[in-house]
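# Structural data only, the sequence is not supplied:
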Ligand code: TYM
């Protein structure tokens, strides 16, 4: 059976981008693959979180994973820092990761542009830690959104290089995976780019957002003056709203507003109202489960402990092999 690995950074609550880009696929994959899903708390250290926030964020994501339908009996659900073998593999892989290739990563360049005051080594080697996450279980499929595609390419570079250097056929190649024909990029509400945690949360709809908050955020989404010619192409902010409709609404709803757009009769206020209501319908069951599960501390503790044990078992097998291959042998 093929092995699957994926994770989400613990830097805040989950939004619809995480849901449709990643978790949506996790839930389906756990039914037919050997799945490892984790909370990437080591990765979150690049932004220097306060210890209390770090802990709270990890708990929030565990709760949200469970609320979204991850079943700890069907997949291995764990916290990255509970598996020290990942950090060990990261160290080994770092020795054959080169400055030039790390500096060329698009996400590193973005981070440098956005936070020039905090360009730390953890940011630079972020893709190596990701490769450690994936290779520690020798995964071949990695369900992620479009923004992670380059990281998967780097993972293949590192695993192939390891195999070549040591003349082994040990690590398989891992590929980004989505059940839809291409990797998903969920747009944000601010008119450009993807849904993310930027802009104080106004750009994203969180799974835990209340209906009132969702209505407020969607009504403030960026639009324009409307089309002046029939069947004209949609500028990015409008294209984004339609893409969100295609994720949460029915095909009829999409077709209805698309027809109004193409015939220059669209009223963005109506479209946004419908979008907000459909987002509320999509998120309400999740929000209710989040509230429910968050109060069950014993269950969360049990899930985290069970996941850590299972993940460490698999990680330990790999790290033993890797150390033997590298030449760390007992004297
Ligand atoms: P992160 O935490 O930024 O995002 C988690 C997952 O959500 C997806 N995603 C999106 N997909 C579509 N549209 C969006 N707007 C959107 N925003 C986020 C991401 O593609 C991702 O799948 N480096 C990773 C976490 C990670 C990881 C790994 C993933 C660490 N180690 C190993 C896979 C395998 C990250 O920061 O994702």
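In hand now; what should we look at? What you are looking at is a predicted structure, and each value in this text was computed from that prediction instead of being measured.
# Give me the residues contacting the host helix or strand of residue 149.
Using DSSP states H and E, residue 149 sits within helix 149-165. Outside helix 149-165, the residues that touch it by Cβ atoms under 8 Å, 6 or more residues apart in numbering are 93, 96-97, 101, 105-107, 127-128, 130-131, 134-135, 142, 144, 168-176, 183. Where you see a C-beta, it was placed from the backbone N, CA and C, and this is true even at glycine.
# Can you give me the neighbour number for the closest residue to residue 81 other than its chain neighbours?
Leaving aside its sequence neighbours, residue 81 sits nearest to residue 41 (Cβ to Cβ, 6 or more residues apart in numbering; 5.0 Å). Using other Cβ atoms under 10 Å, the number of residues around residue 41 comes to 21.
# Could you check how far residue 41 is from the ligand?
10 Å (Cβ to the nearest ligand atom, to the nearest Å).
# OK, contacts around that residue?
10, 54, 57, 58, 79, 80, 81.
# ok, and which of those reach the ligand?
For the ligand, no contacts are drawn from the contacts of residue 41 by Cβ under 6 Å from any ligand atom.
# Which other helices and strands does the helix or strand encompassing residue 285 contact?
Per DSSP H and E: residue 285 is located in helix 268-294. For helix 268-294, the packing partners by 3 or more Cβ pairs under 8 Å, 6 or more residues apart in numbering; DSSP states H and E come out as helix 16-18, helix 51-68, helix 211-219, helix 236-248, helix 251-262.
# any idea of the angle it forms with helix 251-262?
150 degrees (axes from the mean of the first three to the mean of the last three Cα atoms, to 10 degrees).
# Check what pLDDT the residue nearest to residue 81 gets.
On the pLDDT scale, residue 41 is placed at 98.
# about what we covered before: name the member of the contacts of residue 41 with the most neighbours.
Going by other Cβ under 10 Å, residue 10 tops the contacts of residue 41 with 28 neighbours.
# Could you pull up the residues touching that residue?
Residue 10 sits in contact with 39, 40, 41, 43, 44, 54, 57, 58, 60, 61, where contact means Cβ under 8 Å, 6+ apart.
# Skipping adjacent residues, who's closest to the residue of the stretch 51-200 of the chain found nearest the ligand in space?
Here the stretch 51-200 of the chain gets closest to the ligand at one residue, residue 145, 2.1 Å apart by Cβ to the nearest ligand atom. Distances taken as Cβ to Cβ, 6+ apart place residue 21 nearest to residue 145, at 2.8 Å, with adjacent residues excluded.
# Could you verify that that neighbour is part of a helix?
Yes - membership of residue 21 in a helix is supported by DSSP: H, G, I helix; E, B strand; the rest coil.
# Now do it against the ligand, distance only.
From residue 21 to the ligand the distance is 2 Å (Cβ to the nearest ligand atom).
# Isn't that residue up against residue 146?
Yes - Residue 21 is in contact with residue 146 according to Cβ atoms under 8 Å; the separation is 7.3 Å.
# Which positions in this protein make contact with the ligand?
Close to the ligand, as judged by Cβ under 6 Å from any ligand atom, the chain has residues 5-9, 17-18, 21-22, 40, 43, 130, 133-134, 142, 144-145, 147-148, 184-186, 194-196.
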